[in-house]
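J.: pasted the sequence and its predicted model underneath.
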Amino acid sequence: ILENAAKEPHVVDVANFLNSLGADIFGAGTDIIKIKGVKHLSGRQYSIIPDQIEAGTFMLCAMATHGNITIKNVTPKHLFAITEKIKNCGAIVTEFDDAVRVQMPDRPISTKIKTMPYPGFPTDMQPQIVAMLSLANGTSIVTEGVWENRFKYVNELSRLGAKLQVNDRTVIVEGVESLNAAPVKATDLRAGAALLIA
């Protein structure tokens, strides 16, 4: 029995995959997952769901560059928290059955964000949205509600000209019109994505 389990779609997908092989897993997508051991699993072909963090990263790339992008092979309902937040920042988002289009005609608008467990705004998107908000019009406040050590990338992003101030589990982002080139180092995967966006 796993208590306080993550509810993200990829957790549910792993359970669905294992069940398709003969596992006995119940409750994926809830706080409690129950796993009953089986003697063996069998082989099978399985198509995994699209990665919402990868799709969200491309969405923020479009916003930071005033771009126009269509991302195919996504599940729009899994992107809900990201989509709603970027709409608040001025993005034009069009959803299709298995695709999403993001258009950013102007400079992004500042906002307030708090990362939360699924279905809230994902902590894995926090560095990327801070990179985008560093180019927004106004001051944004981003609070980390999941992973306390997520702000390691801030010093690297500041080297590029971002105006960021960390206070405990919050970063205050004062938007600037443009960033500059500088040598930077990715502290983790999501930090690397944020630096690429910048």
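T.: Now that the structure is in, tell me what you want to look at.
J.: what's the span of stretch 133-144, first residue to last?
T.: Stretch 133-144 stretches 15 Å from its first residue to its last (Cα to Cα, to the nearest Å).
J.: what does stretch 162-170 give?
T.: One end of stretch 162-170 to the other measures 15 Å (Cα to Cα).
J.: what are the contacting residues of that stretch?
T.: Stretch 162-170 is contacted from outside by 130-131, 134, 141-145, 148, 151, 154, 157-158, 171-176, 179, 198, using Cβ atoms under 8 Å, 6 or more residues apart in numbering. Using the backbone N, CA and C atoms, a C-beta is placed for each residue, glycine as well.
J.: so which of the residues you listed belong to strands?
T.: 141-143, 171-174 (DSSP state E).
J.: out of those, who's nearest Gly29?
T.: Nearest to Gly29 among the ones in strands among the contacts of stretch 162-170, counting by Cβ to Cβ, is Thr143 at 25.4 Å.
J.: and the closest one, how many neighbours?
T.: 16 (other Cβ atoms under 10 Å).
J.: my guess is it meets Gly120, correct?
T.: No: here Thr143 lies out of contact with Gly120, judged by Cβ atoms under 8 Å, at a distance of 11.4 Å.
J.: report the buried members of the contacts of stretch 162-170.
T.: 130-131, 134, 142-144, 151, 154, 157-158, 171, 173, 175, 179, 198 (16 or more other Cβ atoms under 10 Å).
J.: residue with max distance from the center of the chain?
T.: Relative to the centre of the chain, the most outlying C-alpha is that of Lys39, 37.1 Å out, by Cα atoms, centre = their mean.
J.: now it: how far from Leu164?
T.: 53 Å (Cβ to Cβ, to the nearest Å).
J.: excluding chain neighbours, what is closest to the residue nearest the centre of the chain?
T.: The structure's the chain has its C-alpha centroid closest to Met125; by Cα atoms, centre = their mean the separation is 2.7 Å. Nearest residue to Met125 in three dimensions, chain neighbours excluded: Gly56, at 5.0 Å (Cβ to Cβ, 6 or more residues apart in numbering).
J.: after the helix or strand hosting that neighbour, which helix or strand is next?
T.: Per DSSP states H and E, Gly56 falls inside helix 52-64. Using DSSP H and E, the helix or strand that follows helix 52-64 in sequence is strand 68-72.
J.: mutual contacts of Thr143 and Gly120, please.
T.: Joint contacts of Thr143 and Gly120 (Cβ under 8 Å, 6+ apart) are Lys114.
J.: quick one, helices of the chain?
T.: 9-20, 52-64, 80-88, 126-133, 154-159, 189-197 (DSSP state H).
J.: please look at the residue nearest to the centre of the chain and Asp51 and confirm they touch.
T.: No: contact criterion Cβ under 8 Å: Met125 and Asp51 do not qualify, at 11.6 Å.
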